[in-house]
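Visitor: pasting the structure only:
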């Protein structure tokens, strides 16, 4: 009986993680294009107010709203939202660290080359701190979306 319970718990965790990973796949692929696009817009001389719109934080916020709408009827919706963000955010930040290296290596002069002394520092800051700047507001916005979606039936 105890073994069955443990197997069910492990199986359920695996299913939840797999679902979160599947939710994060499309945003990860999109993010691999967002950062280089922003980089090239900066190189092309576009004004900062135009470039600002193309960013990973906006992408994370948009997907958290989308996930909130998509997940509101599911079990473990908050866990799925959080896990999807935890999977998506660090991976989406890796191109930023790579562009830091390119920018500093060839002294290109974009904002990607600022702030850090070496690649390890840039990588750590982007993947850890940068991820937190995406995960925290996105989880809050996604949670708000879940609450609104769950309660909207009461108002109609």
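Guide: Looks like it came in fine. Since we're looking at a predicted model, the values are computed, not measured. Numbers count the residues shown, from 1 in each chain.
Visitor: same for the helix or strand encompassing residue 18, what does it pack against?
Guide: If you go by DSSP states H and E, residue 18 is part of helix 2-43. When contacts are defined as 3 or more C-beta pairs under 8 Å, 6 or more residues apart in numbering; DSSP states H and E, helix 2-43 sits against helix 48-51, helix 56-71, helix 77-105. Using the backbone N, CA and C atoms, a C-beta is placed for each residue, glycine as well.
Visitor: So which of those is nearest residue 9?
Guide: Closest of the helices and strands packed on helix 2-43 to residue 9 is helix 77-105, at 13.6 Å (criterion: C-beta to C-beta).
Visitor: Now do the closest one: which elements does it pack against?
Guide: helix 2-43, helix 56-71, helix 119-124, helix 130-155.
Visitor: now the angle from that helix to helix 2-43?
Guide: Angle between the axes of helix 77-105 and helix 2-43 is 40 degrees (criterion: axes from the mean of the first three to the mean of the last three C-alpha atoms, to 10 degrees).
Visitor: going forward can the numbers begin at 18, since that is how I track them
Guide: Fine by me, first position is 18 from now on; the one you just mentioned is helix 94-122.
Visitor: if we can go back for a sec, ok, and which of the helices and strands packed on helix 94-122 has the densest surroundings?
Guide: helix 73-88 (a mean of 20; mean count of other C-beta atoms under 10 Å).
Visitor: residue ranges with poor pLDDT in the protein?
Guide: 18-20, 170-173 (pLDDT under 70).
Visitor: residue closest to the middle of it?
Guide: Centroid-nearest residue in the chain: residue 106, 3.1 Å away (criterion: C-alpha atoms, centre = their mean).
Visitor: Apart from its chain neighbours, what residue comes closest to it?
Guide: residue 148 (3.9 Å; C-beta to C-beta, 6 or more residues apart in numbering).
Visitor: Relative to residue 74, how far out is the one you found?
Guide: Distance, residue 148 to residue 74, by C-beta to C-beta, to the nearest Å: 11 Å.
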